[in-house]
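Asks: just a sequence and a predicted model for now, questions to come.
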Amino acid sequence: MRIAVVSDTHGLLRPELLPLLGGADHILHCGDVGKIGILTVLRAIAPVTAIRGNVDTYGECAELPETELVTLGGKDFYLLHDVGALDLEPGAAGIACVLAGHSHRPGIYRHRGVLYVNPGSCGPRRFRLPVTCATITVRENGELEAEILELPGLSVAE
């Protein structure tokens, strides 16, 4: 199973993102959607699970849940916008992967047997950070493999 992970679109759905999402079985959006129409476009690619972020304060984006637990490929994934707000012990709860955005800084690490993924931001560039998304593959043996993907053709000056 291939899962695409995006965050911090802030109302901007870059065309360079769409080819990176092709072939995904599911798309997870870690908040700061900005415009609900972004989720409509993503749903044309694959089923979407999305949460709200700190900029999703009005309209339909404000109605998205603050957190979400979704089971994909037999593994539990926990979405929240800011990992600093995590108020549970994921391993004890049986969660295999915690996904969060907010910082716009992509990263992958493991802690106490749990995979943590921040896909970075695929919306407006912040400072000189890369414009990125992530993929997670659930292998047949249940292992999770994550990768950060930089959107092609975007210079740092952009």
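Replies: Happy to help now that I have it.
Asks: what sits up against the lengthiest helix in the chain?
Replies: In the chain, assigned by DSSP state H, the helix with the most residues is helix 37-43. With contacts defined as C-beta atoms under 8 Å, 6 or more residues apart in numbering, helix 37-43 is touched by 6, 9, 11, 13, 18, 21, 27, 29, 33, 48, 50. For every residue, glycine as well, the C-beta is placed using N, CA and C.
Asks: got a PyMOL select line for the buried ones in the residues you listed?
Replies: Entered in PyMOL, the line below selects the buried ones among the contacts of helix 37-43, by 16 or more other C-beta atoms under 10 Å:
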select buried, resi 6+9+13+21+27+29+33+48+50
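Asks: tell me what the following helix or strand past the longest helix of the chain is packed against?
Replies: Next along the chain after helix 37-43, taking DSSP states H and E as the criterion, comes strand 48-50. Strand 48-50 is packed against strand 26-29, helix 37-43, strand 67-72, with contacts defined by 3 or more C-beta pairs under 8 Å, 6 or more residues apart in numbering; DSSP states H and E.
Asks: what is the rounded mean pLDDT of the longest one?
Replies: Computed over helix 37-43, the mean pLDDT rounds to 98.
Asks: run the chain-centre distance for it.
Replies: When distances are taken as C-alpha atoms, centre = their mean, to the nearest Å, helix 37-43 is centred 14 Å away from the chain's centroid.
Asks: now do the shortest one
Replies: Strand 26-29 has its C-alpha centroid displaced from the chain centroid by 6 Å (C-alpha atoms, centre = their mean).
Asks: list the contacts of it.
Replies: For strand 26-29, using C-beta under 8 Å, 6+ apart, the contacting residues are 1, 3-7, 9, 21, 38-39, 42, 45-51, 70, 72, 77, 79, 99.
Asks: now do 6 Å
Replies: The contact list for strand 26-29 (C-beta atoms under 6 Å, 6 or more residues apart in numbering) reads 3-6, 42, 46-50, 72, 79, 99.
Asks: can you list the strands that that strand pairs with?
Replies: strand 2-6 (parallel), strand 48-50 (parallel) (DSSP bridges).
Asks: got CSV for those, with distance to P152 and mean pLDDT too?
Replies: Shown next, in CSV, are those (distance: least, C-beta to C-beta, whole Å; pLDDT from 0 to 100):
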stretch, distance to P152, mean pLDDT
strand 2-6, 15, 98
strand 48-50, 22, 98
